[in-house]
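Peer 1: what shape does this take:
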Amino acid sequence: MSEIKNPLEIYGALAKTNCGECGVPSCMAFAAAVLQGQKKLVACPYLDPAAMARLSQNIVQRRSLEDDHQQAISQLQQQVAGLDFSLRAPCLGARLVDGNLAINSLGKDFIITPAGEMVSECHLNHWVYVPLLHYVIVCQGKEPLGEWVPYSTLPGASEWSQYFSHRCEEPLRQLADAHSDLVFEMLHLFGAKPATLSGGADHSLVILPLPKVPFLINYWEPEEGFPSKLNILLDRTAGENINAQSVNLLARGIIEMFRQLILRHSRDGKLF
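Peer 2: Got it, this is the predicted structure:
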């Protein structure tokens, strides 16, 4: 029997009663959970022992996104462990506190230990964990020039550019359309500073997701017959202080944070 990589191959051996005794609502959901390593075949009380033995020998479990994120974090932690924090701190625009790095992100300190572990009063997830560790490792300490460029011009951004547009800029535009006052109030609370630029944007704000990786957010309000516009620009030096994928994660993290805050603080508790 060849390797099993499709849940349908597991589903074919199940009773298909959708009894729920395994802890998931259907046999198909159970088959997918087994392939992802979330359930064991033995959890199905009606699976023939011979079929269970045959399947067990050939299942190739899929990696979950959580597994991928954890593997990325572990690899970055190993690289961080070999760094001299006393030398890295000035380069990063960070502080050295009791042998740890204190890196300010949107006005909040994130503490990185010599083992690459992270501590903060904020909720930690891969949106912030991976970019901060990568920043610690690769940042060349280039001071921002105040010269703003599109995300697509960053080294290695080509494969992520469409994603950045559709999953970062467009959702933030929609949030700004629906909750303009709240969104810009939150940006100011997270340390945004007004930027005076040509281009006629109704709002131009600079935020600091990382000390040497500023974002410029430009928003044009909708006018009669014309929809709103929003873009997120990077300093020309960004590619020397972080990589394009980490910029993507930082921007997505900001969007997700704003979504949660809007759900919590908007008058009707809705995004749109």
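
Peer 1: which strand or helix spans V34?
Peer 2: V34 is part of helix 27-35 when elements are defined by DSSP states H and E.

Peer 1: which strands or helices does that helix pack on?
Peer 2: Where contact means 3 or more Cβ pairs under 8 Å, 6 or more residues apart in numbering; DSSP states H and E, helix 27-35 is packed against helix 7-11. Every residue, glycine included, has its C-beta placed from N, CA and C.

Peer 1: repeat the analysis, applying 10 Å as the threshold.
Peer 2: helix 7-11, helix 49-56 (3 or more Cβ pairs under 10 Å, 6 or more residues apart in numbering; DSSP states H and E).

Peer 1: tell me which of those helices sits most buried.
Peer 2: Comparing the helices and strands packed on helix 27-35 by mean neighbour count (mean count of other Cβ atoms under 10 Å), helix 7-11 ranks first with a mean of 18.

Peer 1: so what touches that helix?
Peer 2: 1-4, 26-36, 41, 44, 47, 51, 55, 58-59, 62 (Cβ atoms under 10 Å, 6 or more residues apart in numbering).

Peer 1: try it again at 8 Å.
Peer 2: 4, 27-28, 31-32, 34-35, 41, 55, 59 (Cβ atoms under 8 Å, 6 or more residues apart in numbering).

Peer 1: coming back round to it: which one of the helices and strands packed on helix 27-35 lies closest to L175?
Peer 2: For the helices and strands packed on helix 27-35, proximity to L175 was assessed by Cβ to Cβ; helix 7-11 is nearest, at 35.6 Å.

Peer 1: roughly how far out does the closest one sit from the chain middle?
Peer 2: 31 Å (Cα atoms, centre = their mean, to the nearest Å).

Peer 1: for the lengthiest helix in the chain, packing partners?
Peer 2: Ranked by number of residues, the top helix in the chain under DSSP state H is helix 244-265. On a contact count with 3+ Cβ pairs under 8 Å, 6+ apart, helix 244-265 meets helix 126-138, helix 161-164, helix 170-178, helix 180-189, strand 203-210, strand 213-220.

Peer 1: to S266, which of the ones you listed lies closest?
Peer 2: Proximity to S266 (Cβ to Cβ) singles out helix 180-189 among these, at 6.2 Å.

Peer 1: burial count for the closest residue to A89 other than its chain neighbours?
Peer 2: Leaving out its chain neighbours, the residue that sits closest to A89 by Cβ to Cβ, 6 or more residues apart in numbering is L96, at 4.6 Å. Residues near L96, counting by other Cβ atoms under 10 Å, number 14.

Peer 1: one more: A238?
Peer 2: Residues near A238, counting by other Cβ under 10 Å: 27.

Peer 1: from S266, how far out is it?
Peer 2: Per Cβ to Cβ, to the nearest Å, A238 is found 32 Å from S266.

Peer 1: for the helix holding V34, what is the distance to the chain centroid?
Peer 2: 27 Å.

Peer 1: between it and helix 49-56, how many degrees?
Peer 2: Counting by axes from the mean of the first three to the mean of the last three Cα atoms, to 10 degrees, helix 27-35 lies at 50 degrees to helix 49-56.

Peer 1: what does helix 27-35 rub up against?
Peer 2: So helix 27-35 is in contact with 4-8, 10-11, 14-18, 22, 24, 39-41, 43-44, 59-62, going by Cβ under 8 Å, 6+ apart.

Peer 1: starting at the chain centroid, how far to stretch 37-54?
Peer 2: With Cα atoms, centre = their mean as the basis, the mean position of stretch 37-54 lies at 35 Å from the chain mean.

Peer 1: mean confidence score for it?
Peer 2: The average pLDDT within stretch 37-54 is 90.
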